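>>> What follows is a protein structure lacking sequence information:
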């Protein structure tokens, strides 16, 4: 049986290898591994990847794609999509009605109701509004419970339980830290959508692709691999991936206020 390397599979599908790694993290595909850990894709998996690409182009998120492809929705990758439940439980714990929630976030009641039922995709900026209204940081919404691990293996990182319109974040440190380091995986054309701000300072290091960022709608930067940017989080910032390939960014906030 012919097996394809990640480079070969990516070329056939018409995406970058980093995009395939991102889809694997979303639980959309599970390639075989060689004894050395290299990914290998069967032809059936390559055909599946082509279908995923088509569905992504139509705006489908990971959960929707899994349903379309008739995945077992009880799998761990889908079970982790409990963001709406977390938001609803925390809102109710604070005795906050949807009307109150709407007023605090500036988002409509209908939209927030859809979010709580897992039927709407949030942007990163809207997640920030929700976290502010509920009095928490976005770390609250990451998968898994509290931990004080010093060492985090690459396959053990906590992540937000869904992709945010093409943006996925993984947490690189746990516990009562002074810094909040993440890896951001940003699909082509995806980004924060709106500007947001909060307390603290931020450091960005681009690992792959390009990142376009605006500060207070005055400063405008395009970062390439190896470029860094340091700025005050109080500056309203919005950002996007302006390319046709995946962008991967090391993003650090201090203190943990994102």
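Structure's in. What do you need? All values derive from a computational prediction rather than experimental measurement. Numbers count the residues shown, from 1 in each chain.

>>> helix/strand/coil for residue 250?
Following DSSP: H, G, I helix; E, B strand; the rest coil, residue 250 is assigned to strand.

>>> That one touches residue 179, doesn't it?
No. Residue 250 lies out of contact with residue 179 (CB atoms under 8 Å); the separation is 11.4 Å. All C-beta spots, glycine's among them, are computed from the backbone N, C-alpha and C.

>>> in this structure, which ranges drop under the pLDDT threshold?
Residues of the chain meeting the criterion pLDDT under 70: 1, 35, 63, 70-82, 143-148, 160-164, 176.

>>> quick one, strands of it?
4-5, 32-33, 39-41, 158-159, 167-171, 180-186, 201-208, 211-215, 219-223, 228-232, 237-240, 247-254 (DSSP state E).

>>> Figure out which of the ones you listed is closest to residue 130.
strand 167-171 (14.8 Å; CB to CB).

>>> which neighbours does the closest one have in its sheet, and in what orientation?
Strand 167-171 pairs in its sheet with strand 158-159 (antiparallel), strand 180-186 (antiparallel), by DSSP bridges.

>>> Can you give the contact residues for that strand?
With CB atoms under 8 Å, 6 or more residues apart in numbering as the test, strand 167-171 has contacts from 22, 25-26, 124, 138-139, 142, 157-160, 180-187, 190-192, 251.

>>> OK, contacts around residue 136?
Contacts of residue 136 by CB under 8 Å, 6+ apart are residue 90.

>>> any idea how far residue 257 is from it?
Separation of residue 136 from residue 257 (CB to CB, to the nearest Å): 11 Å.

>>> Could you check how far residue 205 is from residue 248?
Look at residue 205 and residue 248: by CB to CB, they are 10 Å apart.

>>> Looking at those two, which is more packed in?
Legend: neighbour count by other CB atoms under 10 Å for residue 205 and residue 248, higher for residue 248 (20 against 17).

>>> How are the helices of the stretch 1-150 of the chain distributed by residue range?
6-13, 17-25, 43-57, 62-68, 76-79, 83-93, 98-105, 109-116, 124-134 (DSSP state H, counting those that start in this stretch).

>>> Pipe those into a markdown table and attach mean neighbour count and distance to residue 36 per row.
Below are these laid out as a markdown table (neighbours: other CB atoms under 10 Å; distance: least, CB to CB, whole Å):
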| stretch | mean neighbour count | distance to residue 36 |
| --- | --- | --- |
| helix 6-13 | 17 | 13 |
| helix 17-25 | 20 | 16 |
| helix 43-57 | 16 | 19 |
| helix 62-68 | 18 | 28 |
| helix 76-79 | 14 | 25 |
| helix 83-93 | 17 | 36 |
| helix 98-105 | 16 | 48 |
| helix 109-116 | 17 | 42 |
| helix 124-134 | 21 | 36 |
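
>>> Save those helices as CSV, and put in distance to residue 232 too.
Listed next are the helices of the stretch 1-150 of the chain as CSV, based on distance: least, CB to CB, whole Å:
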stretch, distance to residue 232
helix 6-13, 38
helix 17-25, 30
helix 43-57, 34
helix 62-68, 33
helix 76-79, 36
helix 83-93, 28
helix 98-105, 23
helix 109-116, 29
helix 124-134, 16
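
>>> so which of these comes closest to residue 150?
Closest to residue 150 of the helices of the stretch 1-150 of the chain, according to CB to CB: helix 17-25, at 22.9 Å.

>>> orientation of the closest one relative to strand 167-171 in degrees?
With axes from the mean of the first three to the mean of the last three CA atoms, to 10 degrees defining the directions, helix 17-25 sits at 70 degrees from strand 167-171.

>>> got the angle between helix 17-25 and strand 201-208?
Calculated by the same axes, to 10 degrees, helix 17-25 forms an angle of 110 degrees with strand 201-208.

>>> which helices and strands sit right next to helix 17-25?
When contacts are defined as 3 or more CB pairs under 8 Å, 6 or more residues apart in numbering; DSSP states H and E, helix 17-25 packs onto helix 6-13, helix 43-57, strand 167-171, strand 180-186.
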